[in-house]
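# Predicted coordinates and the sequence they were generated for:
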Amino acid sequence: MKQTSDFAVFMRRALAETGARSGPDLARFLGISRQAFNSAKLRNSIPDSWLTTLRHKGIDADKLLRPEDGHTAAAEAEGLARAVIHSAQGGSASMLLPPGASPFGVVHGSSEAGGRHQASFWYSPPLIQPWLTEGNEIAFSQPRTAHAFERDWLARRGEWTKMVALEVTGEDMLPEIAPGNMVFLDTSQRQPVHGETYAIGVDRTLLLRRLGIHQGKPMFMPARQDGADPLPLDTVVVVGKILFSCRGVR
């Protein structure tokens, strides 16, 4: 249990880093109840389990606990916003989105203009490994992805606090999704729906497959006709629904 002289400082920084807007939002991000969150707030302490969860999601938890060193809350928020805008404008990724859609909202100007936007509007989904743990749970990677999205844009597509990123290694979903693409999935959407694409675990390896019908039965199908065999629904672990993908630009 970490003691802090000012829970509000931790709270403010955590909101900025996670993209949450409120205590209840942060509680959902941490996977805890509001009661547990409020109890820690009253004790003015940070449970170790919170820090572990934050680290697993690619957030520097130690940074959230550092004493104030003269930086104002506005400066911290502006600094994070500038970093996000820099990532968005650095040519590191090209979004594959429906025509007219923009995850970056109105932030298309200079970093000076972008810095005025509140950092809490943004969320960077944590990167996961292309395999599952022995308990069939996702394995987080380091560091966080360089992709940052407007939180409200993500929320219109699913549960933003449950979204993660995965770098594609296989070719079974060509030509739609190529090796090296980054796919973003919602791990709260695990109930298979016909026609949707999912990240699934097979012998602890993560694969991308679309749910279809094969020989009259629901099967997870590769996009390529010469790809791997269809996989029966009851033989895989559904990790999450693929929402969209990015392609690196060099």
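Received it, and whenever you're ready, just let me know what you need. Residues are numbered from 1 along each chain as shown.
# C-alpha only now, for contacts and for neighbours.
Will do.
# Remind me which helix or strand the residue nearest the centre of the chain belongs to.
Central residue check for the chain by C-alpha atoms, centre = their mean: the C-alpha nearest the mean position is that of residue 125, 2.0 Å away. Element membership for residue 125, per DSSP states H and E: none, as it lies in no helix or strand.
# same check, this time on residue 67
Taking DSSP H and E as the criterion, no element holds residue 67; it sits outside all helices and strands.
# distance of residue 19 from residue 165?
Distance from residue 19 to residue 165, counting by C-alpha to C-alpha, to the nearest Å: 16 Å.
# now swap in residue 10 and tell me
Computed as C-alpha to C-alpha, the residue 10 to residue 165 distance reads 26 Å.
# Between these two, tell me which one has more neighbours.
The residue with more neighbours, out of residue 10 and residue 165, is residue 165; 25 against 20, by other C-alpha atoms under 10 Å.
# For the more buried one, list the residues it contacts.
For residue 165, the residues meeting the contact criterion (C-alpha atoms under 8 Å, 6 or more residues apart in numbering) are 125-128, 145, 182-185.
# Between those residues, which sits nearest residue 137?
For the contacts of residue 165, the closest approach to residue 137 (C-alpha to C-alpha) belongs to residue 128, at 10.5 Å.
# Now the closest one. Nearest residue, chain neighbours left out?
Closest residue to residue 128 in three dimensions, ignoring its sequence neighbours and counting by C-alpha to C-alpha, 6 or more residues apart in numbering: residue 140, at 4.2 Å.
# Can you report how many residues lie near the one you found?
Number of residues near residue 140 (other C-alpha under 10 Å) recorded here: 22.
# Please, where are all the helices along this protein?
Using DSSP state H, the helices assigned to the chain run over residues 7-18, 23-30, 34-43, 48-56, 61-65, 73-89, 111-114, 151-155.
# what about those, which gets the closest to residue 204?
Using C-alpha to C-alpha as the measure, helix 48-56 is the one of those that comes nearest residue 204, at 18.7 Å.
# If the nearest residue in space to the residue nearest to the centre of the chain that is not next to it in sequence is in a bridge, with which residues?
Nearest-residue entry for residue 125: residue 164, 4.7 Å, with adjacent residues in sequence omitted and distances by C-alpha to C-alpha, 6+ apart. Bridge pairing for residue 164 (DSSP bridges) gives the partners residue 185.
# mind listing what residue 164 touches?
With C-alpha under 8 Å, 6+ apart as the criterion, the residues that contact residue 164 are 125-128, 184-187.
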